[in-house]
Structure formats: structure tokens, C-alpha cells
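Enquirer: quick one: sequence and predicted model below, then my questions.
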Amino acid sequence: MPVQRPQRQATEETPLQDRAIENLRFIRDTMERAGAFTGVPGWGGVGMGVTALGAAWIAHQQPTVERWLLTWVAEGWLAFAIGGIAMVRKASAGDTPLTSRPGRRFVLAYSPPILVGGLLTLALYRAGLTTILPAAWLLLYGAAVMTGGALSVPIVPVMGACFIALGTLALFAPSAWGDPLMAAGFGLLHIGFGAWIARRYGG
């Protein structure tokens, strides 16, 4: 009878091939995790959303443009403090602190649209074009979240795209829609996506 060596050789090679595939998958997953910034805070986003809902209600009651603007600027700084502290804590507790390469890349991608938003706020206020501010804030914040989120977990750029969609609507909607649209964006989007990030990615 002929010896069935080819079949025995095939059965011996199959486990080796499977192990090689598993090792390659492990290496790929490890490299993806190492290159992604996972410190985007979920509960911090929820906190930012809650304060934004309050700010939208307060701002809508203000009798002057200056008081309206001051309300939203104060909310911006409060949200920055909440998000910043939550991000530093989550990043430090995880594998990608802000001082790591993924952390630095995230900050570098996220920061320019935020800085531009601050400059445009001053310029548009001086020009008397404050009705454009809600659209500008939503669009630029969405751009910041999308560019920074491209280096983070997949859900973050989706959140940025939603902000840009709301900003586009605010750009062409009546000026009276400004506060409700910002409540929907800075409030409800932060709460919804923040809760999702906290549940799926921790913190």
C-alpha cells in the first residue's frame, strides 16, 4: 500500500499556519491600539453636555448680545476644564497618556480648529456678526473632534461629523435656532456619545 505522507504533512502544517495567522492578527491589533489615543473621556463628555444644556437655557434668557456671548464663553471654559481634567485622568490611567506619541498627535490635530474658533469669536463679535457664532462654533468644534478623532477610537470621528452637520444647519437656519442647535450639539451629542464611549471604552 502506498504511504500517505502528503496527507500527514498537510495535517501537521495546518496548525502552524493557524498559529501564524493568529500571531499576525495579534501584532496588527497591538499596533492599532498603540497608534490610537484612547483617552477621550466618556463621562467627561456627559458632564460637558449637561453644563451645555444649562448654558443654552441661560443664554437664551439674556437681554443683550454681550451677556449671551459671556454665557457661552463661560460655558466654553467650564467645558474645557471638565473635558481636560477627565481626559488627563483617563489617559494617565490607561496605556496612552497625553505625553505619549498618540496623545501628542491627538492634541496636535485637535487644537488648531479650537484656536481658530477663539480667534473667529473675537473677530465676528467686533464685526457685529454674532448670529454666525453658533454655526462657527459647531463647525469648528466638529472639525476638531473629527481630526483628533481620526487618531482615536472609531466613534469619535462620527461624533465630529454630527457636530458638522448641526453646524451646517445652523449656518442656514434662522438666527433664533442658534441656542437650540447648540443645546442639541454641545448638550445632547456630548451626552449621547459620551455615554456610548464610557460604556464601550471605559471612563
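Expert: Noted; the coordinates are in hand.

Enquirer: tell me the spacing between residue 98 and residue 75.
Expert: According to CB to CB, to the nearest Å, residue 98 stands 23 Å off from residue 75. All C-beta atoms are positioned from the backbone trio N, CA, C, and that covers glycine.

Enquirer: go on, residue 50?
Expert: 11 Å.

Enquirer: now do residue 162
Expert: If you go by CB to CB, the gap between residue 162 and residue 75 works out to 19 Å.

Enquirer: related to what we said a few turns ago, what about residue 98 and residue 75, which has more around it?
Expert: residue 75 (21 against 16; other CB atoms under 10 Å).

Enquirer: mind listing the helices for this protein?
Expert: Assigned by DSSP state H, the helices in the chain fall at 5-35, 42-60, 65-93, 101-126, 133-149, 155-172, 178-182, 190-201.

Enquirer: and the second one, what does it pack onto?
Expert: The reference is to helix 42-60. Under the contact criterion of 3 or more CB pairs under 8 Å, 6 or more residues apart in numbering; DSSP states H and E, helix 42-60 touches helix 65-93, helix 178-182, helix 190-201.

Enquirer: how about the ones you listed, which one is nearest residue 134?
Expert: helix 178-182 (3.7 Å; CB to CB).

Enquirer: what does the closest one rub up against?
Expert: Here helix 178-182 makes contact (CB atoms under 8 Å, 6 or more residues apart in numbering) with 52, 56, 59-60, 72, 131, 133-135, 137-138, 166, 169-170, 173.

Enquirer: cool, stretch 108-124 as well?
Expert: 69, 73, 130, 132-133, 136-137, 140-141, 143-145, 147-148, 150-151.

Enquirer: perfect, that will be all.
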